[in-house]
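**Q** 3D, please:
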Amino acid sequence: ENSHSGLSVNFILDMRLQVSLGTFRHAEYVTACGWVGNELFTCSDDKTVHKVNSEGESAGIVANLDSYPTDLHWFPSGNKRQQSDLFVLACSDGMYLLILRNGRIEKKVDAHKGAVICVRWSNEGTAIATAGEDGLVKIWSRSGMLRSALAQLDSSVYSISWSPDSNSLCFTSGKDIVVKPLQPQAKQITWRAHDGIVLHVDWNVVNSLIVSGGEDRRYKVWDAFGRPLFQSRPLEFSITAVAWSPSGELFAVSMFDSIRLCDRTGWAYSREQVNTGSISCIAWSSDGTQLAGAGANGSVLFGQVLERRAEWQNIEVLLKESHKVLVNDILTEMEEELDFRDRVVNMAVGYGHLVVTTSLQCCIYSLQNLNTPHIFDLKETVHFLMLGEKNYLMADMNGLQVYSYEGRPVAAPKFPGMRPEAFNGQTVSVSGDSLAIIDHSDNKMIRVMDLQTGKEVGKPVQHALEVVSVGLNRWAGTAAKERKCVFQDKNRDLYICPVGQGAVGKEVLPIKLGTMCDSAMWSADTDMLAAVMDGKLVVWYYPNVVFVDRDLASQTKYTRDASDFGKDSQIVQFHGTSVAVRRADGAVLYAAVSPYPAQLYAVVCRFQWEMAISLCRYVKDPTLWAVLAAMALAEKELSTAEVAFAAIDEVAKLQYVLFIKEIPTPEGRNAELAMWRRRPEEAESILLQAGLIYRAIDVRIRLFHWDRALELAVHHKTHVDTVLGFRERFLAAMGREETLERFKQYREGVQIDWDKITAKIQQEVEKEKERPTAKPYQE
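**A** Sure, this is the predicted structure:
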């Protein structure tokens, strides 16, 4: 660990790949492998297909073949109880075979001239794609009927992969990668990917990223449009295989006698040397806990993903072995081992609880007492886990479920077009009462759901561009009506908008917070928001300010240089006064944030406004005063706002606060505060409901909304002459003639007498003071 520029740097490797070679070996080069359940099927140049158990021991020959197999892919099945019974096998004689699990060949299809190099089922299992030495890429029906010849290239196609929605196909073409939609009129994307021939590509269903490897000894990560996200340095040998884990958080890269486990952003967790020769194929198990590799010397490689870490406050959880989890409290130095009957698939810690899912069970521990977990059986393997304040979220192939920390099912949120396999930490966010999900069928839409009922709350948030990540504020002090959501679009712009009960029935317009955003995260303890954007770390001490008084937004944030973070850094934790950021090379950097805003949240949460003012006077920081001013306005605490605005020399705002305090009715004051928030419709609605007609007309006159002011006056048969008089004064001051027909029409029949108008206004003021609900602002 070292320190510079006020940052502490930890080089933490969160995982490693524990590799071993199975006892079973093929006599010749192993060309492909694929998992079904806990069994691995391998094919080799010895013209056999073998079944191997997860310990690496042979479970017998499945099939003897007439030609050399080149690739193998299982029919996709997310159902644990009904595992796939069919796989497709590519052969060197131009055929591909549909083979049942028991080894019986269902069908032989003559597909290509020369060898079929690669074959892949679509993600739904409705089509098969093949590519061969003849440079053709073909699409077939499930039964083996040719649907289309998608592409004809000049050279052999070494690798193919389906897009997440199975509407496009990614394939190699010499040094290029091509993404071609299945629709004939749609435009294909081609880009120069490597300096040597591209040997392998894989497109992930969850994160929609493409990883590639080639003869230039590099592996690279791309987005779906061919934009480069990561490039490795040249390694020792050509990259022979790449494969995403099902969750999209990891991928594996192999070459001669070596395999690497990498993060989705590209940097390597671990590098393992193995005696396999070139590894031509990598296959992940469906739960993403282990992988297998096909070795050129006939051996089969097995890898377990171990030493995964999860952290929350002073608790660190470590997956020590496939069935063993270590819980460590760094404050009390308490260490406890938890043993599980089955292989651990997922784990998450937070909000006083540890949730561990194995291949068959879910175990929920209270961190206060690790001896008595709540345990229940799982129908399917859980591939996504996220903890909230009161409930937690699990996703399997059947959908999304919300559970309480007692293991009780709470809700099962659903929406049209939901794809359970596509859930990850970027596309889903959970808070104490709400759940936000990027719509899978329309990435420009964010759906917000109630955690207790699973039903949608209000209208979805609609954006102009595709949304790539979403985050709900998690602060327990926030009432459901004040729930906020930040999201990032594909242009890397950061937006914030209100969601939940407070946004129901209102026109929700997202407000832009900034551009060139790498990542953003809400604080776990307060309502602060941190983001890495444009080479800076920005912390909004009170993001709600954009809905209260947008002018204060620049005064309530902290900005510092973050050039040390480099490009594409990700905030991994924001807790207390510390922001943890993971750089693109895997190093974790910690940046400190002022402790005073968190203390201000604590006292404001208890409505101790005098103590809040005392804290700001002690700290003498204009930023903290601005935060207090915004908080006081949000809570309609005008006396505190008055003190805070005076402290930061905001004279105009101070005078407006004093003006609002003089208004005799609560409705009048609330309407003026709604105006401050730039919500004139809301202000008008408050006043009309309270019967304060003149005040509603006055609001429109002050905003120069002349048409609406006249409309209200005519509708309520009052103050028509007032509107016309103020309109006439306005035009005279501007030196302009009347152009609005409606005003011309009413001007002919109404006489403007300013003495009468002034008397009527005075009468309205007196009448408002005498209302039964009128009471002066309480200090």
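**Q** hey, let's count contacts and neighbours off CA atoms from now on
**A** Fine.
**Q** so residue 248, which of the three states?
**A** Three-state assignment for residue 248 (DSSP: H, G, I helix; E, B strand; the rest coil): coil.
**Q** burial of it, as a residue count?
**A** Here the number of neighbours of residue 248 (other Cα atoms under 10 Å) works out to 21.
**Q** surely it touches residue 202?
**A** No - because the distance of 10.9 Å does not satisfy Cα atoms under 8 Å, residue 248 is recorded as not touching residue 202.
**Q** name the nearest residue to residue 719, ignoring sequence neighbours.
**A** On the basis of Cα to Cα, 6 or more residues apart in numbering, the spatially nearest residue to residue 719 that is not a chain neighbour turns out to be residue 713, at 5.5 Å.
**Q** tell me the strands beside the helix or strand where residue 109 lies, with direction?
**A** Using DSSP states H and E, the secondary-structure element containing residue 109 is strand 105-110. Strand 105-110 has its sheet partners listed here by DSSP bridges as strand 95-100 (antiparallel).
**Q** quick one: average confidence on the strand it pairs with?
**A** On average, the pLDDT along strand 95-100 is 96.
**Q** ok, back up a step: give me the buried positions along the strand holding residue 109.
**A** When neighbours are counted by 16 or more other Cα atoms under 10 Å, the buried residues of strand 105-110 are found to be 105, 109.
**Q** and for stretch 330-346?
**A** Neighbour-count burial for stretch 330-346, with 16+ other Cα under 10 Å as criterion, is recorded at 340, 343, 344, 345, 346.
**Q** restricted to strands, list those.
**A** 344, 345, 346 (DSSP state E).
**Q** any idea of the pLDDT on the last one?
**A** Residue 346 is assigned a predicted lDDT (pLDDT) of 93.
**Q** bridging residues for it?
**A** In this structure, residue 346 bridges to residue 357 when assessed by DSSP bridges.
**Q** that older thread, distance to residue 720 for the ones in strands among the buried residues of stretch 330-346 - can I get that in JSON lines?
**A** Below are those laid out as JSON lines (distance: Cα to Cα, whole Å):
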{"residue": "344", "distance to residue 720": "74"}
{"residue": "345", "distance to residue 720": "72"}
{"residue": "346", "distance to residue 720": "69"}
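**Q** how far away is the residue lying closest to residue 463 once chain neighbours are set aside from residue 762?
**A** Counting by Cα to Cα, 6+ apart, residue 463 lies nearest to residue 444, which is 5.1 Å off, once chain neighbours are set aside. According to Cα to Cα, to the nearest Å, residue 444 stands 52 Å off from residue 762.
**Q** of these two, which one has the most company?
**A** residue 444 (19 against 12).
**Q** contacting residues for the more buried one?
**A** Applying Cα atoms under 8 Å, 6 or more residues apart in numbering, we find residue 444 in contact with 438, 462, 463, 464, 465, 466, 467.
**Q** for residue 374, same thing?
**A** With contacts defined as Cα under 8 Å, 6+ apart, residue 374 is in contact with 363, 364, 365, 406, 407.
**Q** now the fourth one, what's its secondary structure?
**A** Under three-state DSSP, residue 406 falls in the coil class.
**Q** for it, which non-adjacent residue is closest in space?
**A** Nearest to residue 406 is residue 374, by Cα to Cα, 6+ apart, at 6.1 Å.
**Q** ditto for the last one
**A** With Cα to Cα, 6+ apart as the measure, residue 374 is the residue that lies nearest to residue 407, at 6.1 Å, once sequence neighbours are left out.
**Q** now swap in the third one and tell me
**A** Of all residues not flanking residue 365 in the chain, residue 373 sits nearest, at 4.6 Å (Cα to Cα, 6+ apart).
**Q** got the contact list for that neighbour?
**A** Here residue 373 is in contact with 363, 364, 365, 366 (criterion: Cα under 8 Å, 6+ apart).
**Q** before we move on, back to that, what pLDDT does the model give the residue nearest to residue 463?
**A** According to the model's per-residue confidence, residue 444 sits at a pLDDT of 93.
**Q** for it, give its distance to residue 285.
**A** To residue 285, residue 444 is 32 Å away according to Cα to Cα.
**Q** equivalent analysis for residue 178, please.
**A** For residue 178, the distance to residue 285 under the criterion Cα to Cα works out to 27 Å.
**Q** tell me what residue 409 is bridged to.
**A** Assigned bridge partners for residue 409, using DSSP bridges, are residue 403.
**Q** roughly how far does it sit from residue 128?
**A** Per Cα to Cα, residue 409 is found 38 Å from residue 128.
**Q** what comes into contact with the strand or helix carrying the residue nearest to residue 719?
**A** Element membership for residue 713 (DSSP H and E) is helix 706-715. With contacts defined as Cα under 8 Å, 6+ apart, helix 706-715 is touched by 693, 697, 698, 700, 701, 719, 720, 723, 724, 727.
**Q** go again using 7 Å as the cut-off
**A** By Cα atoms under 7 Å, 6 or more residues apart in numbering, the list of residues contacting helix 706-715 from outside reads 697, 700, 701, 719, 720, 723.
**Q** now do the strands in the stretch 551-700 of the chain.
**A** Assigned strands in the stretch 551-700 of the chain, in chain order: 557-561, 570-575, 578-582, 588-592 (criterion: DSSP state E, counting those that start in this stretch).
**Q** which of the ones you listed sits closest to residue 491?
**A** With respect to residue 491, and counting by Cα to Cα, the nearest of the strands of the stretch 551-700 of the chain is strand 570-575 at 16.5 Å.
**Q** neighbours of residue 38, how many?
**A** Burial measure for residue 38: 12 neighbouring residues, criterion other Cα under 10 Å.
**Q** actually residue 221, sorry about that
**A** Per other Cα under 10 Å, the neighbour tally for residue 221 reads 24.
**Q** go on, the one 4 residues further on?
**A** Neighbouring residues of residue 225 were enumerated by other Cα under 10 Å; the total is 13.
**Q** state the phi and psi torsions of the closest residue to it other than its chain neighbours.
**A** The shortest distance from residue 225 to any residue that is not its chain neighbour, by Cα to Cα, 6+ apart, is 7.1 Å, and that residue is residue 189. Its backbone dihedrals place residue 189 at phi -110, psi 130, with angles given as degrees, to the nearest 10.
**Q** pLDDT at residue 189, what is it?
**A** The model reports residue 189 with a pLDDT of 96.
**Q** that older thread, the residue nearest to residue 407: what secondary structure?
**A** Applying three-state DSSP to residue 374 yields a three-state assignment of strand.
**Q** for the nearest residue to residue 344 once chain neighbours are set aside, give me its contacts.
**A** Counting by Cα to Cα, 6+ apart, the nearest residue to residue 344 once its immediate chain neighbours are dropped is residue 358, at 4.2 Å. By Cα under 7 Å, 6+ apart, the residues touching residue 358 are 342, 343, 344, 345, 346.
**Q** do the same with residue 752
**A** Shown here is residue 752, whose contacts under the criterion Cα under 7 Å, 6+ apart are 721, 725.
**Q** just for this structure, where's the confidence low?
**A** When the per-residue scores of the chain are filtered using pLDDT under 70, the ranges that remain are 1-14, 78-82, 476-481, 502-506, 779.
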